[in-house]
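In: I would like to see how this sequence folds:
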Amino acid sequence: MDMRQGPKEPVDFTKYKSEFGRKNDTNDTHKPFSCNYKKGSKKYKKALFLYIFQRKACNVFATCEACNISRKTYYRWIKEDQAFADAVDDVKEGFLDWLEAKLVEHIQKGSLDALKYFLNAKGKKRGFGKGSEEDGNYHPLPLVAGD
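Out: Here you go, the predicted model:
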């Protein structure tokens with residue numbers, strides 16, 4: 001850091017938070033990227049990473065490849081920049097929320113497989129899903145195609 005310029009301001013990544021599940025969101029991978037940071041700057045690259053990360057379903061490898069950065073660079077950014085790390089976590093959480101909403105949509109349409117999957121994942125406290133046969137909490141719902 002150049003001490004003559006003083007400490008750098010942290011990057012505000014809040015405007016790049018997850019877009020999953022927003023009204024009229026089509027998760028369009030061709031939506032143009034724009035930001036106020038100088039193209040090629042580290043801030044620009046991080047904002048671009050977050051933008052592409054959403055569109056690559058939170059796949060780190062695919063996003064790094066699309067952004068032309070190494071995974072090592074990505075993990076260094078996570079370690080050194082808490083605002084960036086928080087923004088990545090927000091995108092991941094938004095993606096999981098979106099996926100969960102899609103699963104519920106399938107359940108509401110009558111998909112027994114989706115219902116079984118949901119209960120196996122979320123119904124453990126009530127005895128569904130993976131548990132221990134010894135503690136009596138093992139009642140998996142088999143996923144059978146064609147239900």
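In: Would you map the helices across this protein?
Out: Secondary structure of the chain (DSSP state H): helices located at 42-55, 60-67, 71-80, 82-108, 112-122.
In: OK, contacts around residue 123?
Out: Residues near residue 123 by Cβ atoms under 8 Å, 6 or more residues apart in numbering: residue 129. From N, CA and C alone the C-beta is placed, and that goes for glycine too.
In: er, residue 57 I mean
Out: Going by Cβ under 8 Å, 6+ apart, the list of residues near residue 57 reads residue 95.
In: next one: phi and psi at it?
Out: phi 50, psi 40 (degrees, to the nearest 10).
In: about what we covered before: same list (the helices of the chain) but as JSON lines, adding mean pLDDT, mean neighbour count and distance to residue 35.
Out: JSON lines is the format used below for those (pLDDT from 0 to 100; neighbours: other Cβ atoms under 10 Å; distance: least, Cβ to Cβ, whole Å):
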{"stretch": "helix 42-55", "mean pLDDT": "92", "mean neighbour count": "21", "distance to residue 35": "5"}
{"stretch": "helix 60-67", "mean pLDDT": "96", "mean neighbour count": "17", "distance to residue 35": "13"}
{"stretch": "helix 71-80", "mean pLDDT": "97", "mean neighbour count": "13", "distance to residue 35": "16"}
{"stretch": "helix 82-108", "mean pLDDT": "93", "mean neighbour count": "15", "distance to residue 35": "13"}
{"stretch": "helix 112-122", "mean pLDDT": "89", "mean neighbour count": "17", "distance to residue 35": "36"}
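In: Tabulate those helices in TSV, adding columns for distance to residue 34.
Out: Below are the helices of the chain laid out as TSV (distance: least, Cβ to Cβ, whole Å):
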stretch	distance to residue 34
helix 42-55	9
helix 60-67	16
helix 71-80	21
helix 82-108	17
helix 112-122	37
